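# curious how this folds, go ahead:
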Amino acid sequence: MILFMEILFYITGFLIINSFFLYPVVLYFASRKHTGRITEYGFEPSVSILIAAHNEEKVIEERIKNISTLNYDLNKIEVFIGSDYSTDKTNEILLEQEKKYSWLHIFLSEERRGKAGILNEIFKRVNNEILVFTDANTQFHKDALKNLIEDFADETIGGVCGRLILVDSEKSKSEGVEESEYWKYETHIKKLEGTCGLLLAANGGIFAIRKKLYEAIPIDNAVTDDLFVSLSVIAREFKFTYRIDALAYEDTGKDLSAEYLRKVRFGATNFQTLIYFKKLLWAENKFLSYNFFSHKVTRWFLPLLLILLLLISYFLSDFNFIVHKAYYFQVIIYLLALCGYLLSMIKIRIPVFSIPYFFAVSNIAMAEGFIKFIRKQHSVIWASTER
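Modelled structure (predicted):
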């Protein structure tokens, strides 16, 4: 029995270490084999920008103005904004802005459809061959679109992701929201995956695909829309790259409770998305399968792995020196997380405490998302996180 538990301990530990440490190293060496891709300076095809919005009166006008200032020929741009039965002043603002810009097209839904339903609807109206997806609360750098689109000069590339930079508010800093710090790590992973042409999950705030590769996002079962669109491109054996110079900006969540609810929702929809793309776990491209398992599947099941590792470590602590050390290491991490929680209550942020706290809360949210998925309590109807 002890031998079995020791083997299970090492397997569980390896899966966690592989996901966070070995996988990035493997990606680094794999990316060095890719010397570059075809790009064409000044390549400027016609593009369609798609935005789904629900009660975005605080940001939607600024979002439209931001698009109007892009360093791109506006005669080659059409923008479709779908309002998902907004009950604030979003619709009024959109109708007023539509009068100002000939390239702006508005769809006002008379019922809640969810983000997937809105994107599917406005997709029917687009005319151009390159689709750009972004959010109402995102701001593009003036050269973001130009840099994002250049990679499509290479016909083997089906999707391109831009670099989303999360900006901390003073409130989020004081409450221990470490989303931006974690995002820096994720951005590095995306860059390496993009170099290999195997970026698995685009930033919802800035990415583009070829129109012919768009698959209708399921609305009967809630999925993570940007992940679904990204994996649809990869599953059809097109490359998905990353442009570090295609910059976009978003504020982080104002407090950890808001981020928690967002992660619960994504936790549930991620598992549903996995069902649609489970075939990628044994794809013909074995490196793609390794990427998908290491970066996505393992992360989604991380709460279970962490609980299992802690329980095994506790029971084997007196029998194995390595397990003994691992057990106390885990205890220290969770104690630091507890301190981070207590400090957040008095608006104090110290990274050595707030980072473990954020890590713990994120995994609790993922676990709750899994429970919602099992109970089929997740919905296609969403409310954007206040940022």
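# looking at this structure, which strand is longest?
In the chain, with assignment by DSSP state E, the single longest strand is strand 239-251.
# report all helices and strands that that one contacts.
strand 139-140, helix 144-149, strand 157-167, helix 179-195, helix 225-235 (3 or more C-beta pairs under 8 Å, 6 or more residues apart in numbering; DSSP states H and E). From N, CA and C alone the C-beta is placed, and that goes for glycine too.
# what average pLDDT does that strand get?
For strand 239-251, mean pLDDT rounds to 95.
# buried residues of it, list them for me.
Within strand 239-251, the residues scored as buried using 16 or more other C-beta atoms under 10 Å are 239-243, 246-251.
# want to throw these into CSV with distance to Arg113?
Shown next, in CSV, are the buried residues of strand 239-251 (distance: C-beta to C-beta, whole Å):
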residue, distance to Arg113
Lys239, 31
Phe240, 26
Thr241, 31
Tyr242, 30
Arg243, 31
Ala246, 29
Leu247, 30
Ala248, 25
Tyr249, 28
Glu250, 23
Asp251, 26
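# relative to Ile16, which of the residues you listed is nearest.
Distance to Ile16, by C-beta to C-beta, is smallest for Tyr242 among those, at 25.0 Å.
# roughly how far apart are the spatially closest residue to the closest one that is not a sequence neighbour and Pro303?
The shortest distance from Tyr242 to any non-neighbouring residue, by C-beta to C-beta, 6 or more residues apart in numbering, is to Gly194 (2.4 Å). Distance, Gly194 to Pro303, using C-beta to C-beta, to the nearest Å: 28 Å.
# one more: Ile275?
Separation of Ile275 from Pro303 (C-beta to C-beta) stands at 19 Å.
# of the two, who's got more company?
Pro303 (20 against 11; other C-beta atoms under 10 Å).
# list the contacts for the more buried one?
By C-beta atoms under 8 Å, 6 or more residues apart in numbering, Pro303 lies in contact with 363-364, 366-367, 370.
# helix or strand for it, which one?
Assigned by DSSP states H and E, Pro303 falls within helix 302-316.
# can you name the next helix or strand after the helix or strand harbouring Ile122?
Using DSSP H and E, Ile122 maps to helix 114-123. Toward the C-terminal end, the helix or strand that comes next after helix 114-123 (DSSP H and E) is strand 130-134.
# run the angle between that next one and helix 114-123 for me.
Calculated by axes from the mean of the first three to the mean of the last three C-alpha atoms, to 10 degrees, strand 130-134 forms an angle of 150 degrees with helix 114-123.
# give the pairing partners of strand 130-134; include direction for each.
Strand 130-134 pairs in its sheet with strand 47-53 (parallel), strand 206-210 (antiparallel), by DSSP bridges.
# so how far is it off the chain centroid?
Distance, stretch centre to chain centre, for strand 130-134: 15 Å (C-alpha atoms, centre = their mean, to the nearest Å).
# where does the most centrally placed residue in the chain land on pLDDT?
Ranked by distance to the mean C-alpha position of the chain (C-alpha atoms, centre = their mean), the top residue is Asn203 at 4.9 Å. Per-residue pLDDT puts Asn203 at 92.
# ok, the closest residue to Arg236 other than its chain neighbours - contacts?
Excluding its sequence neighbours, the residue lying closest to Arg236 (C-beta to C-beta, 6+ apart) is Leu213, at 6.1 Å. Applying C-beta under 8 Å, 6+ apart, we find Leu213 in contact with 158-159, 232-233, 236, 238.
# which one of these has the most neighbours?
Going by other C-beta under 10 Å, Gly159 tops these with 28 neighbours.
# show the contacting residues for that one.
When contacts are counted by C-beta under 8 Å, 6+ apart, Gly159 touches 199, 202, 207-210, 213, 229-230, 233-234, 238-241.
# so which of these comes closest to Asn320?
Minimum distance to Asn320 across these is 39.2 Å, recorded for Leu199 (C-beta to C-beta).
# isn't the closest one right up against Val233?
No: the pair Leu199 / Val233 is not scored as a contact, 9.2 Å apart, by C-beta atoms under 8 Å.
# now for those two: what residues contact both?
Residues within reach of Leu199 and of Val233 at once, by C-beta under 8 Å, 6+ apart, are 159, 240.
# so Lys76 versus Leu145, what's the distance?
10 Å.
# of the two, who's got more company?
Leu145 (27 against 15).
# and that one, what pLDDT?
Looking at Leu145, its pLDDT stands at 97.
# ok, it - contacts?
Counting by C-beta under 8 Å, 6+ apart, Leu145 touches 47, 70-72, 77, 132, 246.
# drop anything exposed from these.
Members of these classed as buried by 16+ other C-beta under 10 Å are 47, 70, 72, 77, 132, 246.
# which of those sits closest to Asp318?
Of those, the one sitting nearest to Asp318 (C-beta to C-beta) turns out to be Ala246, at 53.9 Å.
# contacts only, for that closest one.
Ala246 sits next to 141, 143-145, 147-148, 160, 162-163, 206 when contact means C-beta under 8 Å, 6+ apart.
# just the buried subset of the residues you listed, written out for ChimeraX, thanks.
In ChimeraX, a selection of the buried entries from the contacts of Ala246 looks like this (16+ other C-beta under 10 Å):
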select :141,144,145,147,148,160,162,163,206
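# pick out whichever of the contacts of Ala246 sits closest to Val352.
Taking C-beta to C-beta as the measure, Val352 lies nearest Arg163 of the contacts of Ala246, at 27.6 Å.
# model confidence for Ser230, exactly?
The model's pLDDT for Ser230 equals 97.
# equivalent analysis for Ala383, please.
The predicted local confidence for Ala383 is 60.
# got it, and His34?
76.
# identify the residue nearest it in space, chain neighbours excluded?
Nearest non-adjacent residue to His34 (C-beta to C-beta, 6+ apart): Thr195, at 5.3 Å.
# same check, this time on Arg63
Using C-beta to C-beta, 6+ apart, the nearest residue to Arg63 is Ala136, at 5.3 Å.
# isn't the one you found up against Val59?
Yes: the pair Ala136 / Val59 is scored as a contact, 5.5 Å apart, by C-beta under 8 Å.
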